[in-house]
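Engineer: pasting a predicted model and its sequence here:
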Amino acid sequence: MSTAPVIAHVGLAVPSIESALAFYRDVLGLSPGEPETVDAARIVSLSLGESEVELLEPLDADGPIAKFLARRGPGIHHIAYRVPDLEAALRTCRARGYRLIDEQPRIGQGGKRVAFIHPDATAGILIELTE
């Protein structure tokens, strides 16, 4: 694995995965992965080379994706960067004063270890770090 971070995926909050999938299937010719449920959201991934697009549909009106859609409407919810050492990246964030949503890695979509950095610390962008 490279030692430089790469974009793992871009998470897109959508009110309906079925509606959003039309563009990715019909125009880009992509095949969706199997749906998963994480953090009160249904997630479908679409592979774009080494990166993915995740379509995020809320399953619970009180969940984070539903709240995002209510505040901002459909759009980019987060950007995930794949890092070679998640623990080291979190230590660096803590040492430099970045506000973390996840102090410790947790299991996210696809069974991968993830941790989120609060958007207040990153110019308003929710960032996910993953291995």
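Structural biologist: Noted; the coordinates are in hand. Model, not experiment: these values are computed from the prediction.
Engineer: so where's this structure shaky on pLDDT?
Structural biologist: Scanning the chain for pLDDT under 70 picks out the ranges 1-2.
Engineer: just the strands in it please.
Structural biologist: Under the criterion DSSP state E, strands of the chain are mapped to 6-13, 36-38, 41-48, 51-58, 75-82, 106-107, 113-117, 127-130.
Engineer: as a markdown table, those strands with mean neighbour count would be great.
Structural biologist: Backbone N, C-alpha and C define where each C-beta goes, glycine included. Formatted as a markdown table, these follow (neighbours: other CB atoms under 10 Å):
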| stretch | mean neighbour count |
| --- | --- |
| strand 6-13 | 19 |
| strand 36-38 | 15 |
| strand 41-48 | 19 |
| strand 51-58 | 21 |
| strand 75-82 | 18 |
| strand 106-107 | 12 |
| strand 113-117 | 19 |
| strand 127-130 | 22 |
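Engineer: now distance to Ala95 too, for these, in JSON lines please.
Structural biologist: Formatted as JSON lines, the strands of the chain follow (distance: least, CB to CB, whole Å):
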{"stretch": "strand 6-13", "distance to Ala95": "23"}
{"stretch": "strand 36-38", "distance to Ala95": "29"}
{"stretch": "strand 41-48", "distance to Ala95": "31"}
{"stretch": "strand 51-58", "distance to Ala95": "28"}
{"stretch": "strand 75-82", "distance to Ala95": "18"}
{"stretch": "strand 106-107", "distance to Ala95": "21"}
{"stretch": "strand 113-117", "distance to Ala95": "13"}
{"stretch": "strand 127-130", "distance to Ala95": "15"}
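Engineer: quick one: which of those strands is nearest Leu28?
Structural biologist: Smallest distance to Leu28 across the strands of the chain (CB to CB): 8.0 Å, for strand 41-48.
Engineer: run through who's touching the closest one.
Structural biologist: Here strand 41-48 makes contact (CB atoms under 8 Å, 6 or more residues apart in numbering) with 9, 17, 21, 24, 28, 30-37, 52-59, 63-65, 109-110.
Engineer: now with 6 Å?
Structural biologist: 17, 24, 30, 32-33, 35-36, 52-59, 65, 109 (CB atoms under 6 Å, 6 or more residues apart in numbering).
Engineer: show me what contacts His9?
Structural biologist: 52, 54, 80.
Engineer: fine by me, thanks again.
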